[in-house]
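[1] One predicted model, sequence on top.
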Amino acid sequence: MTPHRSFNPLPWLFLIALFALIGLGLAWLLANIQQRRDEAAVQPTRFVEVSDTETDPAVWGKNWPSQYASFMKTKETGVRTPYAGNEPFDKLAANPLRKKFWAGYAFELEYNEDRGHYYSLIDQKEIKRVKERKQPGTCANCHSSDVPRLIKEIGWAKMNQTPYNDLAKNELHQGVSCGDCHDNKDMSLKITRPAFVNAMAKRGFDVKNATHQQMRTFVCAQCHVEYYFEKDSKELIFPWSESKNIEDGITIDQIAAYYRKDGHTDWNHAVTGGPLIKMQHPDYETYSTGIHAKNGVACADCHMPYKREGAQKVSDHWVRSPLQNLNSACQTCHKVPEADLRERVVTIQNRTRDMQASAEAALSDAIDSIKAAKDAGATPEQLKKAYDLHREAQLRWDFVDAESSMGFHSPQEATRALGHSADMARQAQLEATTLLTSLKK
Amino acid sequence: MNANPFVLVAVALAALVAGLGLFTFNHAQGWSYLSHDPAACVNCHIMRPQFQAWQHSTHKNVATCQDCHMPHDFVGKWYTKARDGWNHSKAFTLGNFHEPIHITPADERIALNNCVACHRPLLTQTHLSVKEMQQPNAPTCTSCHGNVGHRDQGQ
């Protein structure tokens, strides 16, 4: 029998466990390194063939899961930035003067803050402006990804002329989707809406010649623009033909000049009887005169900034306010703390809002004065000058109000428009008051 | 000496771990970090935009990543390499870092000192104070010349 040797296995067991743990850690690290490398090397895999008219983002999402996942985040609500947000709050209640300015127009019925891209068709189908007023199919142009198919099937002119509710009931199923901006063959950016192509052609620019960076703005500008419906044909038109130089952007003065020449009127004010224009979210126009546009920054740079998933770089399809995403949206270029960046943005917005309130007070007074003159018996001919001034003043105010950034897209242009608006509204008031005095004599 | 089974297992495990470690180091192109080659910096995918931008920059023909981002003395260089190497691999493995990536104050100081290291004749001719550059909020070389090395945009 061998003599019993005192042997303590504990240190050895500890050593074995230690090496095993290090080995485990190393294996994990190795796997992690390999995973990052694989991610970087991944080439897009096609699991399904996407057809030319596919509108369901989930189908595109099978090939492009990351973009699809972020796009579906536009379904989220519950955020309110200082002046907007993704909650459908009542904008008429938020500023009751809007109702006064739009008396007699569909916008006095209901006007809510819009939610994310996911709701582009849902929000529209629910709004009283469409449910209670007769609207042409033209409205569908920007709210549904079924539009390219409809253009193919029944033609653009016919689509615009079909009553909206008929179209909505039978043909409109899906809101904004992948195919509105992307080619189904190679995912390159693509213009699918004729109104934008036509409007750019009138500025002397063939959109086929656009660079990739320009396209990262142009696909957005298919919809986020001021527009109107041609009186008889109901054709969708962007009033840009007075703005020939692409680099200089589109100013409110050029848009106003277009409407003066064209003579288009959206409606007659219910109280004053004057012919007016309603501005519609001129985001691209405002942006086009701003410092970011001058520096070649596209809509997508701030609203869809690149993000990293593992080692892959993808653009974020959760299109939203940069205020919700200052880190990726601004800090790529501005190496300033987030709090400072927010402060800069909100300061610009507060100043714009301050100036806007002055314009609103003047517009409100102008409407009261024109009404007083009208009630005293002034004819439309006598009121012509006051009408014209009111119209010019209000479309300038609305240019800033309807735009989505409270001046941030182009701070100096926004305040310039509002300064002119206040001045013209006061002139309209003066004109109407003088007229009233002369009538009373 | 008796061959204790525990010793054998421990030694075998140690050898295995050493082998695995060596393999991982090699697989991760660990040797390249000991070199002066800018390609080593793009082992890490997140540096790609900076690398690409540098290739089109004015400094491409005169300075590599290390010329600007590592101290020029032996100890400083290897200490910084080790420190940054550890920090970077920790950050990229765990994935918890600020994006877009920002230079740390310590590394920024190194880069600024390296501007001076090469451009000293210019600085002395123009009587610019090198000391003042280090004051808080003072304008640095890169305040105005931030694009010479690489246009630092995530594009």
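    Yep, it's here.
[2] Just the buried residues of the helix-or-strand element of chain B with minimal mean pLDDT, please?
    When each helix and strand of chain B is scored by mean pLDDT, DSSP states H and E, helix B:141-145 comes last, with a mean of 82. By 16 or more other Cβ atoms under 10 Å in any protein chain shown, the buried positions in helix B:141-145 come out as B:141, B:142. For the C-beta atoms, the positions are set from N, CA and C on the backbone; glycine is no exception.
[3] And that helix, what does it pack against?
    helix B:105-125 (3 or more Cβ pairs under 8 Å, 6 or more residues apart in numbering or on different chains; DSSP states H and E).
[4] from the middle of its chain, how far away would whichever helix in chain B runs longest be?
    Of all the segments of type helix in chain B, defined by DSSP state H, the longest one is helix B:5-27. Relative to its chain's centre, helix B:5-27 lies at 29 Å (Cα atoms, centre = their mean, to the nearest Å).
[5] Could you list the buried residues of the helix or strand just after it?
    Where DSSP states H and E defines the elements, the next helix or strand beyond helix B:5-27 is helix B:48-55. By neighbour count on 16+ other Cβ under 10 Å, the buried set for helix B:48-55 is B:49, B:50, B:53, B:54.
[6] For the stretch 1-150 of chain A, what lies in contact range of chain B?
    A:7, A:9, A:12-13, A:15-16, A:19-20, A:22-23, A:26-27, A:29-30, A:32-34, A:36, A:39-40 (Cβ under 8 Å from any Cβ of the partner chain).
[7] Give me the below-cutoff pLDDT ranges for chain B.
    Counting by pLDDT under 70, chain B contains low-confidence ranges at B:1-2, B:127-136, B:152-155.
[8] Please name the residues that touch the residue in the stretch 251-400 of chain A that chain B sits nearest to.
    Residue of the stretch 251-400 of chain A nearest chain B, by Cβ to the nearest Cβ: residue A:311 (4.1 Å). Contact analysis of residue A:311 by Cβ atoms under 8 Å, 6 or more residues apart in numbering or on different chains lists A:36, A:37, A:39, A:40, B:45, B:46.
[9] Any chance of these in JSON lines with distance to residue A:268 as columns?
    Below are the contacts of residue A:311 laid out as JSON lines (distance: Cβ to Cβ, whole Å):
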{"residue": "A:36", "distance to residue A:268": "64"}
{"residue": "A:37", "distance to residue A:268": "67"}
{"residue": "A:39", "distance to residue A:268": "60"}
{"residue": "A:40", "distance to residue A:268": "61"}
{"residue": "B:45", "distance to residue A:268": "61"}
{"residue": "B:46", "distance to residue A:268": "59"}
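[10] can you name the two of those that are farthest apart?
    The two members of these with the most space between them (Cβ to Cβ) are A:37 and B:46, at 12.9 Å.
[11] Settle it for me: which of those two has more neighbours?
    For residue A:37 versus residue B:46, neighbours defined as other Cβ atoms under 10 Å in any protein chain shown are more numerous around residue B:46 (21 against 16).
[12] coming back round to it: which one of the buried residues of helix B:48-55 is nearest chain A?
    Distance ranking of the buried residues of helix B:48-55 against chain A, using Cβ to the nearest Cβ, places residue B:49 first at 8.4 Å.
[13] Provide the secondary structure category for the residue nearest in space to the middle of chain A.
    What sits nearest the mean C-alpha location of chain A, by Cα atoms, centre = their mean, is residue A:224, with 4.5 Å. Look at residue A:224: counting by DSSP: H, G, I helix; E, B strand; the rest coil, its state is coil.
[14] Name the nearest residue to it, sequence neighbours excluded.
    Leaving aside its sequence neighbours, residue A:224 sits nearest to residue A:283 (Cβ to Cβ, 6 or more residues apart in numbering or on different chains; 4.0 Å).
[15] Same check on residue A:182?
    Nearest non-adjacent residue to residue A:182, counting by Cβ to Cβ, 6+ apart: residue A:190, 6.0 Å away.
[16] Buried residues, the longest helix of chain B. List them.
    Across helix B:5-27, burial judged by 16+ other Cβ under 10 Å covers B:6, B:10, B:13, B:14, B:17, B:20, B:21, B:24.
[17] what residues are up against the fourth one?
    Looking back up the chat, that one is residue B:14. By Cβ under 8 Å, 6+ apart, the neighbours of residue B:14 are residue A:19.
[18] element containing residue B:92?
    Counting by DSSP H and E, residue B:92 is part of helix B:74-94.
[19] Could you list the buried residues of that helix?
    B:80, B:81, B:84, B:88, B:89, B:92.
[20] Please identify which of these is nearest to residue A:115.
    residue B:92 (36.4 Å).
[21] My read is that that closest one contacts residue B:46, right?
    Yes. Checked against Cβ atoms under 8 Å, the pair residue B:92 and residue B:46 is within contact range at 6.9 Å.
[22] burial count for the nearest residue to residue B:91 once chain neighbours are set aside?
    Of all residues not flanking residue B:91 in the chain, residue B:97 sits nearest, at 4.0 Å (Cβ to Cβ, 6+ apart). Neighbours of residue B:97 under the rule other Cβ under 10 Å: 13.
[23] Does residue B:97 belong to a helix, a strand or coil?
    Three-state assignment for residue B:97 (three-state DSSP): coil.
[24] how close does it sit to chain A?
    Remark: distance between residue B:97 and chain A (Cβ to the nearest Cβ, to the nearest Å) = 10 Å.
[25] So what does that residue have for phi and psi?
    phi -140, psi 160 (degrees, to the nearest 10).
[26] Check residue A:407 too.
    When quoted as degrees, to the nearest 10, the phi and psi of residue A:407 stand at phi 90, psi -20.
[27] residues touching it, list them.
    Residue A:407 makes contact with A:348, A:349, A:351, A:352, A:353, A:400, A:414, A:415 under the criterion Cβ under 8 Å, 6+ apart.
[28] at 10 Å what do you get?
    Residues counted as contacts of residue A:407 (Cβ atoms under 10 Å, 6 or more residues apart in numbering or on different chains) are A:83, A:286, A:290, A:345, A:348-353, A:355-356, A:400, A:413-415, A:417-418.
[29] Weed out the non-buried ones from those.
    Burial by neighbour count, 16+ other Cβ under 10 Å: within these this picks out A:83, A:286, A:290, A:345, A:348-349, A:352-353, A:355-356, A:400, A:413-415, A:417-418.
[30] Show me which pair in those is furthest apart.
    Most distant of the buried ones among the contacts of residue A:407, by Cβ to Cβ, are A:345 and A:417, 19.0 Å apart.
[31] what's the burial count for residue 124?
    If you meant another chain, say so; for now it's chain A. Neighbours of residue A:124 (other Cβ under 10 Å): 22.
[32] oops, I was thinking of chain B
    Look at residue B:124: counted by other Cβ under 10 Å, it has 11 neighbours.
[33] ok, now residue A:180?
    Residues near residue A:180, counting by other Cβ under 10 Å, number 23.
[34] Wait, it touches residue A:196, no?
    No. If you go by Cβ atoms under 10 Å, residue A:180 and residue A:196 don't touch, sitting 11.4 Å apart.
[35] intersection of neighbour lists for those two?
    A:219, A:222, A:223.
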